[in-house]
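> Please find the sequence and the predicted model below.
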Amino acid sequence: MTLSDCENIIRPLLSERRYQHCVNVAREAKALAERCGADTQEAQKAGLLHDIMKEAPPDEQLKIMEASGIILTNVERGAPKLWHAMAGAAYLERELHIADRDLLNAVRYHTTGRAGMSVLEKIIFVADFISAERDYDGVEGIRAAAQKGLESAVIAGLAFTLADLAQARKPIHPDTFSAYNDVLLSQNRQQ
């Protein structure tokens, strides 16, 4: 599958604003991949595809997950903003017959992170946080962390997510806690 194929797949499924976000994430993913010696083509593909189900109606996302055998936890059921990642990975695998587990996981975990993330998963997690159109309070800190290194940016993104969700009194996915602890402990062992 080429980058052009990916663009043609997502264009009819997304609004212009969301399509541009995916293009920006792909661009940022390429830059991050170059900095850490990862496959830039795969990073761009994952960046383009990461939000493929973002604008699908919630009932359609649920049907895709159900057809793929995904059983939502209580936290996931109560957080529809997370569904597009799970549904997106399932859609890519079932409908588009993408078998690349690393790419599927990059899509699946781009919202929560998880322990044991691959380099590609980390790239998409960070690229989604810092893509060009992002302007939330705190984005510059995460962009600065990305200049220091991928691990620093992942920690900054996870810390931001944990603090933001706790401040809003929203449930926090266990994968996010696991990702934070995993990356932080791994970083500490390397120092």
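Sure thing, it's come through. Residues are numbered from 1 along each chain as shown.

> okay, which residue is most central for the protein?
Of all residues in the chain, the one closest to the mean position by C-alpha atoms, centre = their mean is residue 110, 1.8 Å from it.

> what residues are up against it?
50, 85, 121, 124-125, 128 (C-beta atoms under 8 Å, 6 or more residues apart in numbering). For glycine as for every other residue, the C-beta is placed from the backbone atoms N, C-alpha and C.

> Give me the buried entries from these.
Buried subset of the contacts of residue 110 (neighbour count, 16 or more other C-beta atoms under 10 Å): 50, 85, 121, 124-125, 128.

> ok, residue 36 to residue 50 distance?
Using C-beta to C-beta, to the nearest Å, residue 36 is found at 18 Å from residue 50.

> Please identify which helix or strand holds residue 159.
helix 150-167 (DSSP states H and E).

> Keeping just the C-alphas, turn that helix into CSV.
In CSV, the C-alpha atoms belonging to helix 150-167 read as follows (Å, rounded to 0.1, in the frame of the first residue of the first chain):
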residue,chain,number,x,y,z
LEU,A,150,11.0,10.3,21.3
GLU,A,151,10.9,8.9,24.8
SER,A,152,10.9,12.4,26.3
ALA,A,153,7.9,13.3,24.1
VAL,A,154,6.0,10.1,25.0
ILE,A,155,6.5,10.8,28.7
ALA,A,156,5.4,14.4,28.2
GLY,A,157,2.3,13.3,26.2
LEU,A,158,1.3,10.7,28.8
ALA,A,159,1.9,13.1,31.7
PHE,A,160,-0.3,15.7,29.9
THR,A,161,-3.0,13.1,29.3
LEU,A,162,-3.0,11.8,32.9
ALA,A,163,-3.1,15.4,34.4
ASP,A,164,-5.7,16.6,31.9
LEU,A,165,-8.1,13.6,32.5
ALA,A,166,-7.6,13.8,36.3
GLN,A,167,-8.2,17.5,36.3
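
> can you list the residues that contact it?
32, 35-36, 113, 117, 119, 122-123, 125-126, 129-130, 138, 141-142, 145-146, 171-172, 176-177, 179-180, 183-184, 186-187.

> Which members of those residues occur in strands, if any?
Using DSSP state E, the subset of the contacts of helix 150-167 located in strands is empty.

> Distance to residue 26 and pLDDT added to the buried ones among the contacts of residue 110, as TSV?
TSV is the format used below for the buried ones among the contacts of residue 110 (distance: C-beta to C-beta, whole Å; pLDDT from 0 to 100):
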residue	distance to residue 26	pLDDT
50	9	98
85	16	98
121	15	98
124	9	98
125	14	98
128	11	98
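
> Turn these into a markdown table, including distance to residue 134.
Converted to a markdown table, those look like this (distance: C-beta to C-beta, whole Å):
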| residue | distance to residue 134 |
| --- | --- |
| 50 | 14 |
| 85 | 17 |
| 121 | 19 |
| 124 | 14 |
| 125 | 13 |
| 128 | 8 |
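
> Pull out the buried residues from stretch 62-78.
By neighbour count on 16+ other C-beta under 10 Å, the buried set for stretch 62-78 is 62, 64-65, 70, 72, 75-76.

> Alright, calling it a day.
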